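Engineer: Predicted model follows, preceded by the sequence.
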Amino acid sequence: MDRLGKLLISVSTAALIAMLYSCGGGGGSQVADGGIGGTGVSMGRVTGFGSIFVNGIEFETNNASFTVNDVNGTQSDIAIGMVVRINGSSDQTTATGSAESVEYDSLIEGLIQSNNITLDSTLTIMDQVITIDADTVYENPFDATLLADLPINSEVEVSGFTDGNGTILATRIEVDSLAWAGNELEVSGVVSAISGNQFHIGSLTIDASGALPIPPEGSFVEVEGNSFSGTTFIADSIRIEGNSNSVVADDGKEVEIEGQITAALDASDHFTLNGQVVDASSTPLSGATSQLTVGRVAEVEGVMNGTILLAEEIELQATASERGEIGGILGIGNVNTSAGTVTLLGQTIHVDNSTIMESDRENESTFTLSQLISSDFLEAKVYRDSNGMFVASKLELDLPPNNHDATVEGIPEFVNGSTIRIFGVTVDISSVEDYSFDTQPVEVKGNFVNGVLIADNIKKDD
């Protein structure tokens, strides 16, 4: 897999057709019309299975080859949240496609050095700063240890968006071991600060004495090893996967790509999406320097013009302040598979081809709308689209909590005495004493009775 196969993580097609196997990576307001089809490159997180769902398209994979962490694999090796590169064809009108090849490669297989999930939603792994968001998929096949409680020296595999320089937005984190046993580790990124036989990837110092020569600065590499000298990682092998001028596809190729903005929009209407330069001049976001900012997640469709991706369509993911959560017992008659909606706490939530469907139940990783039953407990990560409708960026299926049957998170949009409203849900706070509200998001837990969430616990959502 080339550099951009690891850097340019997720692709979207903008055809948000409600389907039974709906899944995908978040979304915001649609800001430009357009769209592409035919043969090209799609890069994004896996959001569901029938064949395989990536960026709103169901790709048929009967004749596709699979490469998983540099070895031949099968579709059974792929999991929700893994980021893949698909070469093949797609049709936006039908939201279907045919994959010729599917490639997956993790960004890090490494050790947790610090866990600050509860403080600022970050982990430090191999001196790379890993950020999680509401759509990050977490899997621990060993026990019930939560992501926020993973101990130092746990070994994890990370997929996500990276700038190659030490910062990653994780789309999936999977625990390989709760205590490293000395097996091979891996870190990927851009070579920098070469000095003698050492260089850096982000803040990680790597000793290449046993794996010379060191590739030129700016090369995107994958480094493997199984030992440290103090905090210095000892490289057993270094493989070049690209350079600072790598692009996602050849000239003239159609591309669908989602990623994190790593260089903001400039005076030439160019910005960088995980290493790929994008020209926004033909979209309504031309000149939108206040929106196309570093760290924002964007989806882009367009055509390669040399090394630059000419955007035909750009969609921005909702910001953290625009997002929230509605969770509760599903109840009878609250799933409409044909319309692609679920109703939770009285709110109709649209499930489209960019909704991640994650099951946290034992022996399940994903689910479909048709599999839901009235007693299921669902948590919907939601935002409002440009029409004011609630859309789920992620649906999580879990066992019902022991002490409550409803939850809502977000910034209160209405406060009046003993009543507040969050994402359309009316909350009775009369049983909660001495609580004041401001513009900070809160998490409310309680029981849903006669159309009202009776709060028994409120905390600020840091």
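Structural biologist: Looks like it came in fine. Quick caveat: nothing in here was measured; it's all calculated off a predicted structure.

Engineer: Show me the shaky parts of this structure.
Structural biologist: For the chain, applying pLDDT under 70 flags the ranges 1-38, 242-246, 434-435, 462.

Engineer: Show me it divided up by domain.
Structural biologist: What the record gives for the chain is the domain set 3-104+252-316, 406-460, from automatic domain parsing.

Engineer: out of the ones you listed, deepest packed?
Structural biologist: domain 3-104+252-316 (a mean of 21; mean count of other CB atoms under 10 Å). Every residue, glycine included, has its C-beta placed from N, CA and C.

Engineer: Secondary structure element for the closest residue to Ala318 other than its chain neighbours, which one?
Structural biologist: In this structure, Ala318 finds its nearest non-sequential neighbour in Tyr383, 3.8 Å apart by CB to CB, 6 or more residues apart in numbering. For Tyr383, the host element (DSSP states H and E) is strand 377-384.

Engineer: before we move on, back to that, I'd like the domains of the chain as JSON lines, with distance to Ile112 appended.
Structural biologist: As requested, the domains of the chain are exported to JSON lines (distance: least, CB to CB, whole Å):
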{"stretch": "domain 3-104+252-316", "distance to Ile112": "18"}
{"stretch": "domain 406-460", "distance to Ile112": "25"}
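
Engineer: Now do the strands in the stretch 351-462 of the chain.
Structural biologist: 356-359, 377-384, 390-398, 406-410, 414-416, 419-422, 425-428, 442-449, 452-460 (DSSP state E, counting those that start in this stretch).

Engineer: CA atoms only for the strand holding Tyr383 - export them in PDB, please.
Structural biologist: The C-alpha coordinates for strand 377-384 follow below in PDB (Å, rounded to 0.1, in the frame of the first residue of the first chain):
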ATOM      1  CA  PHE A 377     -30.800  -0.400  23.900                       C
ATOM      2  CA  LEU A 378     -29.400   1.900  21.300                       C
ATOM      3  CA  GLU A 379     -27.100   4.900  21.500                       C
ATOM      4  CA  ALA A 380     -27.200   7.200  18.600                       C
ATOM      5  CA  LYS A 381     -24.500   9.800  18.000                       C
ATOM      6  CA  VAL A 382     -26.400  12.500  16.300                       C
ATOM      7  CA  TYR A 383     -26.200  15.900  14.500                       C
ATOM      8  CA  ARG A 384     -28.700  18.100  12.700                       C
END
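
Engineer: tilt between it and strand 406-410?
Structural biologist: Relative orientation of strand 377-384 and strand 406-410, computed by axes from the mean of the first three to the mean of the last three CA atoms, to 10 degrees: 20 degrees.

Engineer: In its sheet, which strands sit next to strand 377-384, and in what direction?
Structural biologist: Paired neighbours of strand 377-384 in the sheet (DSSP bridges): strand 323-329 (antiparallel), strand 390-398 (antiparallel).

Engineer: dump the residue contacts of Asn69.
Structural biologist: Counting by CB atoms under 8 Å, 6 or more residues apart in numbering, Asn69 makes contact with 104-106.

Engineer: show me the contacts for Ala99.
Structural biologist: 51-52, 59-61, 64, 86-88.

Engineer: what are the bridge partners for the residue nearest to Ala318, then?
Structural biologist: Arg323, Val391.

Engineer: was I right about it contacting Ser321?
Structural biologist: No - in this structure Tyr383 lies outside contact range of Ser321 using CB atoms under 8 Å: 10.1 Å.

Engineer: who's more crowded, those two?
Structural biologist: Comparing Tyr383 with Ser321 by other CB atoms under 10 Å, the one with more neighbours is Tyr383, at 22 against 11.

Engineer: Could you check how far the more buried one is from Asn353?
Structural biologist: Distance of Tyr383 to Asn353, computed by CB to CB, to the nearest Å: 16 Å.

Engineer: and His200, how far is that from Gly88?
Structural biologist: 37 Å.

Engineer: Actually, Ala181.
Structural biologist: Distance from Ala181 to Gly88, by CB to CB: 39 Å.

Engineer: With Val255 instead?
Structural biologist: 13 Å.

Engineer: any shared contact partners between these two?
Structural biologist: Ser42.

Engineer: Got the phi and psi for the spatially most central residue of the chain?
Structural biologist: Geometric centre of the chain, nearest residue: Thr171, 3.3 Å, by CA atoms, centre = their mean. Here is the backbone geometry of Thr171 (degrees, to the nearest 10): phi -100, psi -20.

Engineer: Test my guess that it contacts Thr136.
Structural biologist: Yes - using CB under 8 Å, Thr171 is in contact with Thr136, at 6.3 Å.

Engineer: tell me, what's touching those two both at once?
Structural biologist: 81, 160.

Engineer: if I read this right, Ser237 contacts Val221, doesn't it?
Structural biologist: No - here Ser237 lies out of contact with Val221, judged by CB under 8 Å, at a distance of 9.8 Å.

Engineer: the more surrounded of these two?
Structural biologist: Val221 (25 against 14).

Engineer: any idea how far that one is from Leu309?
Structural biologist: Distance from Val221 to Leu309, by CB to CB: 23 Å.

Engineer: same deal with Thr231?
Structural biologist: From Thr231 to Leu309 the distance is 38 Å (CB to CB).

Engineer: For Ala211, give me its contacts.
Structural biologist: 223, 235-238.

Engineer: and if you look at Val452?
Structural biologist: Contacts of Val452 (CB under 8 Å, 6+ apart): 426-428.

Engineer: Any chance of JSON lines for those, columns distance to Thr407?
Structural biologist: Output for the contacts of Val452, formatted as JSON lines (distance: CB to CB, whole Å):
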{"residue": "Thr426", "distance to Thr407": "14"}
{"residue": "Val427", "distance to Thr407": "10"}
{"residue": "Asp428", "distance to Thr407": "14"}
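
Engineer: now, which of the residues you listed sits nearest Thr293?
Structural biologist: Of all the contacts of Val452, Val427 has the smallest distance to Thr293: 32.6 Å, by CB to CB.

Engineer: Please name the bridge partners of the closest one.
Structural biologist: With DSSP bridges as the criterion, Val427 is bridged to Ile420, Leu453.

Engineer: same question, Val129
Structural biologist: Thr124, Thr167.

Engineer: what's around it, how many residues?
Structural biologist: 17.

Engineer: which of the strands paired with strand 377-384 is buried the deepest?
Structural biologist: The highest mean neighbour count among the strands paired with strand 377-384, using mean count of other CB under 10 Å, belongs to strand 323-329: a mean of 24.

Engineer: Could you list the residues in contact with it?
Structural biologist: 134, 344-345, 347, 349, 374-383, 390, 393, 400, 405-411, 422-423, 425, 441, 443, 448.

Engineer: and the next element down the chain from that strand?
Structural biologist: Moving toward the C-terminus from strand 323-329, the next element (DSSP H and E) is strand 335-336.
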